[in-house]
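S.K.: Pasting the sequence and the predicted model now:
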Amino acid sequence: MTFVDDILDRITMYRLVLYYLAALLVAGAFFAFFGALSFNPANLAFSTLIILGTCWVTNAVFAKGFGAAPNVESIYITGFILALIITPVSSTDYAGVGFLVFASAWAMASKYLIAAGNKHLFNPAAFGVALSALVINHSATWWVGGNLPLLPFVFFGGLLIVRKIRRFDLVASFSIAALLTIVLTSGSSDYLAPVAQTFLHSSFFFFAFVMLTEPLTMPPNRLLRILYGAIVGFFFAPAIHLGSFYFTPELALLIGNLFAYAVSPKGRFLLTLIERNNLGTGAYEFVFAPDRAFTFRPGQYMEWTLGHRFPDDRGNRRYFTIASSPTEDTVRLGVKFYAPESSYKRALWNMQLGDTVSASHLAGDFILPKDTAKKLVFIAGGIGVTPFRSMVQYLMDMKEKRSVVLLYANKTAAEIAYKGVFDTAGRAIGMKTVYALSNEPNPVPGIYAGMIDGALIKREIPDYKERTFYISGPHGMITAFQKVLREMGVSPLRIRTDYFPGFA
């Protein structure tokens, strides 16, 4: 694991975005002070305060009216985005101030008023500026992307975000579609000119890295994400129009949001804690009753929002794989607790029976293949075994026999989670499980003493080259096993890894 990966693993996606936006505002103020931008830093500071104040007040009013817990990170992120795409105004520019207030208020209001199942449909900042253009004839200039001095900050910081959330496929499909459309509709024989103009003097990079990648308004799997990026990329091109009506970046994103809503699971779920079980050393299972039935595929994840006082720099949102099977009535989470605990995990630990947590954005491609004849190998490290618990329980409940081998790594026997489920699967569906313990002081009958490596894989799975490997666990473990498998001659096309934004 590189130093950058280590840093990124310690911070949630939302907090990384927040720091990135704040850094862009500071950089903007710096360049404005030295005259490199068309406004002065005082106007930038004033406009940012007006936007943040409006966002705070609007969100507080609607949160109280809808009985929702305010999300501080969301308020700041939306506010900072608006401050970066609306040209700063002076305190004497009353029309400009009105624009800031109107766009900010509607950006936050849209999260409550234009929602389905307590989940907003549109990117809030995009909705606020799009409505402003249609209603009060004030448009966003996207100044953060159109100023060359800020380009290195926008680009390299944005790459960190995409690297963190691993959505290069989305950014790539958007980029290809946008650039092809821009070149083909430019009317210029010099194809490089419109591309250079797009890269150097437009909102292209900021839009792709920040706006496009908002998790709650993107589709749930890779194929749909790629199509989503292509749709937004097509409408992003400035020459695309209907008669005299030309599309803008924010309208392109709203069109994409509609597509994402049409193909995604609907709504936000409220889950009530009904049980807490000890899974092993430092690991616990939280069992929830959902407020309504919902469908998902074994191995998928959701974003869980747990409001609590004084959240630390990791915020109040996490992504967790659902450990339960779709065949079960309850929703299970397997969570590992480390010292020192984050404020989120402390709040999770302190939940009492009957307390609630909200969840949304069901997504993930780490799912069983449709072809039941495919031979599979599951490799799990620690609490990374949760998606396999979901898959294995599903296979048992459906009485579906597949050729599956589970290699499960822990340090000691006391850390093994869901052993009862996997042992039962051996009898019920013939699944083979190999428990590997790297630091067990006492010999445990039937358990391999050591780490999972190429030699163990070859010994326990002679037909490993015919199998598809699923790997779930800490980022470093996943990377290490990918390297081992490639060195063993396993095709990259046969290696699937579990990833979701903000792995906790």
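M.R.: Great, that's in hand. Numbering: from 1, shown residues only.

S.K.: Residues touching stretch 27-46, excluding its own?
M.R.: Residues from elsewhere that reach stretch 27-46, judged by CB atoms under 8 Å, 6 or more residues apart in numbering: 25, 83-84, 87-91, 143-144, 147, 149-150, 153. From N, CA and C alone the C-beta is placed, and that goes for glycine too.

S.K.: farthest-separated two in these?
M.R.: Across the contacts of stretch 27-46, no pair lies farther apart than 91 and 153, at 27.0 Å, counting by CB to CB.

S.K.: what about the residue nearest to residue 124 when sequence neighbours are not counted, distance to residue 75?
M.R.: Leaving aside its sequence neighbours, residue 124 sits nearest to residue 107 (CB to CB, 6 or more residues apart in numbering; 4.2 Å). Residue 107 sits 10 Å away from residue 75, going by CB to CB, to the nearest Å.

S.K.: Tell me how this protein divides into domains.
M.R.: Domain segmentation of the chain under automatic domain parsing yields 3-263, 269-363, 375-497.

S.K.: Just tell me which of the ones you listed ends up closest to residue 369.
M.R.: Of all the domains of the chain, domain 375-497 sits nearest to residue 369, with 6.7 Å by CB to CB.

S.K.: Residue 99: what's it in contact with?
M.R.: Taking CB under 8 Å, 6+ apart as the test, what residue 99 contacts is 86, 89, 132, 136, 138.

S.K.: so of the residues you listed, which ones are in helices?
M.R.: Counting by DSSP state H, the part of the contacts of residue 99 found in helices is residue 132.

S.K.: Most neighbours out of the contacts of residue 99, which is it?
M.R.: Among the contacts of residue 99, the one with the most neighbours (other CB atoms under 10 Å) is residue 86, at 27 neighbours.

S.K.: Would you check how far apart the residue lying closest to that one once chain neighbours are set aside and residue 64 are?
M.R.: Distances taken as CB to CB, 6+ apart place residue 140 nearest to residue 86, at 5.2 Å, with adjacent residues excluded. As judged by CB to CB, residue 140 and residue 64 stand 29 Å apart.

S.K.: Also residue 123?
M.R.: Using CB to CB, we find residue 123 at a distance of 23 Å from residue 64.

S.K.: ok, now residue 48?
M.R.: If you go by CB to CB, the gap between residue 48 and residue 64 works out to 25 Å.

S.K.: Could you check which of those two is surrounded by more residues?
M.R.: residue 48 (22 against 10).

S.K.: Are we agreed that the more buried one is in a helix?
M.R.: Yes - under DSSP: H, G, I helix; E, B strand; the rest coil, residue 48 falls within a helix.

S.K.: my read: it touches residue 79, true?
M.R.: Yes - the criterion here is CB atoms under 8 Å, and residue 48 meets it with residue 79 at 7.4 Å.

S.K.: could I get the domains of the chain as a markdown table with distance to residue 369?
M.R.: Below are the domains of the chain laid out as a markdown table (distance: least, CB to CB, whole Å):
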| stretch | distance to residue 369 |
| --- | --- |
| domain 3-263 | 14 |
| domain 269-363 | 11 |
| domain 375-497 | 7 |
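
S.K.: how about TSV for these, with mean pLDDT added?
M.R.: Output for the domains of the chain, formatted as TSV (pLDDT from 0 to 100):
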stretch	mean pLDDT
domain 3-263	92
domain 269-363	90
domain 375-497	93
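
S.K.: picking that back up, name all residues that make contact with the residue nearest to residue 86.
M.R.: Listed by CB under 8 Å, 6+ apart, the contact set of residue 140 reads 85, 86, 103, 129, 132, 133, 248, 250.

S.K.: What of residue 384?
M.R.: Here residue 384 is in contact with 472, 473, 474, 477, 498 (CB under 8 Å, 6+ apart).

S.K.: in the helix or strand hosting the fourth one, what counts as buried?
M.R.: I take that to be residue 477. For residue 477, the host element (DSSP states H and E) is helix 475-487. By neighbour count on 16 or more other CB atoms under 10 Å, the buried set for helix 475-487 is 477, 478, 480, 481, 482, 484, 485.

S.K.: so, if you compare the residues you listed, which one comes nearest to residue 407?
M.R.: residue 481 (9.3 Å).

S.K.: Would you agree the closest one is in contact with residue 472?
M.R.: No - using CB under 8 Å, residue 481 is not in contact with residue 472, being 10.0 Å away.

S.K.: Common neighbours of the two, please.
M.R.: Jointly contacting residue 481 and residue 472 under the rule CB under 8 Å, 6+ apart are residue 379.

S.K.: residues near the spatially closest residue to residue 349 that is not a sequence neighbour, how many?
M.R.: Nearest residue to residue 349, sequence neighbours excluded (CB to CB, 6+ apart): residue 337, at 6.8 Å. Look at residue 337: counted by other CB under 10 Å, it has 15 neighbours.

S.K.: Wait, a strand at residue 471?
M.R.: Yes - counting by three-state DSSP, residue 471 is found in a strand.

S.K.: Leaving out the residues flanking it, which one is nearest to residue 214?
M.R.: Distances taken as CB to CB, 6+ apart place residue 123 nearest to residue 214, at 5.4 Å, with adjacent residues excluded.

S.K.: Please read the previous query as pertaining to residue 402.
M.R.: Per CB to CB, 6+ apart, closest to residue 402 is residue 372, 5.7 Å.

S.K.: Is the one you found in a helix, a strand, or coil?
M.R.: coil.

S.K.: tell me the phi and psi of it?
M.R.: As for residue 372, its main-chain torsions (degrees, to the nearest 10) stand at phi -70, psi -10.

S.K.: How far off centre is the strand ranked longest in the chain?
M.R.: When the chain is parsed with DSSP state E, its longest strand is strand 269-280. Averaging C-alpha positions (CA atoms, centre = their mean, to the nearest Å) puts strand 269-280 23 Å from its chain's average.

S.K.: In it, which residues are buried?
M.R.: For strand 269-280, the buried set under the neighbour-count rule, 16+ other CB under 10 Å, comprises 269, 271, 272, 273, 276, 279, 280.

S.K.: what do you get for stretch 13-33?
M.R.: The neighbour-count check on stretch 13-33 (16+ other CB under 10 Å) flags 13-18, 20-21, 24-25, 27-29, 31-32 as buried.

S.K.: What of stretch 230-247?
M.R.: Using 16+ other CB under 10 Å as the test for burial, stretch 230-247 gives 230, 231, 232, 233, 234, 235, 236, 237, 238, 240, 247.

S.K.: Put together JSON lines for these, with secondary structure and distance to residue 286 on each row.
M.R.: Shown next, in JSON lines, are the buried residues of stretch 230-247 (DSSP: H, G, I helix; E, B strand; the rest coil; distance: CB to CB, whole Å):
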{"residue": "230", "secondary structure": "helix", "distance to residue 286": "38"}
{"residue": "231", "secondary structure": "helix", "distance to residue 286": "37"}
{"residue": "232", "secondary structure": "helix", "distance to residue 286": "36"}
{"residue": "233", "secondary structure": "helix", "distance to residue 286": "40"}
{"residue": "234", "secondary structure": "helix", "distance to residue 286": "43"}
{"residue": "235", "secondary structure": "helix", "distance to residue 286": "42"}
{"residue": "236", "secondary structure": "helix", "distance to residue 286": "41"}
{"residue": "237", "secondary structure": "coil", "distance to residue 286": "46"}
{"residue": "238", "secondary structure": "coil", "distance to residue 286": "49"}
{"residue": "240", "secondary structure": "coil", "distance to residue 286": "47"}
{"residue": "247", "secondary structure": "coil", "distance to residue 286": "45"}
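
S.K.: Taking those residues together, which two end up most distant?
M.R.: 230 and 238 (17.1 Å).

S.K.: Run through the residues that contact the residue nearest to residue 214.
M.R.: By CB under 8 Å, 6+ apart, the neighbours of residue 123 are 211, 214, 217, 250, 253, 254, 257.

S.K.: Top of those residues by number of neighbours, please.
M.R.: Going by other CB under 10 Å, residue 250 tops the contacts of residue 123 with 27 neighbours.
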